[in-house]
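Undergrad: give me the fold of what follows.
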Amino acid sequence: MGEPNLDILESNVKHNTEDIREIKKRMHHTEQDVSDLKIDSHSAKQNFGHVFNSLSKVESSMEDLSKKFDADRSERHKDQVEQMKQYKSAVWQVGIYLSCVIIGGFLLMQFGL
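TA: Alright, predicted model coming up:
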């Protein structure tokens with residue numbers, strides 16, 4: 001009766017030893033996976049940091065361009081207003097001159113000169 005119990009005990013120890021080795025292998029793989037995830041997480045954080053910095057630079061560049069565009073548009077608007085004033089003045093001068101010529105011609109015809 002002692003030997004079958006011993007055989008069962010040896011078999012159990014053998015299975016337990018194999019189980020322990022298998023658990024150690026799984027644990028090693030899990031530790032490696034955790035290490036890889038930490039590295040990936042760190043890399044992702046750095047990449048996100050670079051992306052956010054780039055976005056901030058793009059945003060400030062867009063703001064600068066918008067300000068320049070607004071300033072340029074304002075300057076062009078001033079130029080257009082000035083040109084319209086000059087055009088209006090020229091049209092009035094031509095109108096007054098033509099009116100004087102027409103009225104003068106009419107008067108000259110009336111007086112027979």
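Undergrad: and the helix or strand encompassing Ser35, what's its mean pLDDT?
TA: Element membership for Ser35 (DSSP states H and E) is helix 2-111. Helix 2-111 carries an average pLDDT of 87.
Undergrad: who are the packing partners of that helix?
TA: With contacts defined as 3 or more Cβ pairs under 8 Å, 6 or more residues apart in numbering; DSSP states H and E, helix 2-111 has no helix or strand neighbours. Every C-beta, even on glycine, is put in place using the N, C-alpha and C of the backbone.
Undergrad: centre of the chain to that helix, how far?
TA: 1 Å (Cα atoms, centre = their mean, to the nearest Å).
Undergrad: tell me the contacts of Lys24?
TA: By Cβ atoms under 8 Å, 6 or more residues apart in numbering, no residues touch Lys24.
Undergrad: hang on, I meant His15
TA: With contact set as Cβ under 8 Å, 6+ apart, His15 has no partners.
Undergrad: gap between it and Ile8?
TA: 10 Å (Cβ to Cβ, to the nearest Å).
Undergrad: could you do Ser35 as well?
TA: With distances taken as Cβ to Cβ, Ser35 is found 40 Å from Ile8.
Undergrad: repeat for His42
TA: His42 is 50 Å from Ile8, by Cβ to Cβ.
Undergrad: over to Leu55?
TA: Separation of Leu55 from Ile8 (Cβ to Cβ) stands at 68 Å.
Undergrad: try Glu22
TA: If you measure Glu22 against Ile8 using Cβ to Cβ, the figure is 21 Å.
Undergrad: now swap in Lys85 and tell me
TA: 112 Å.
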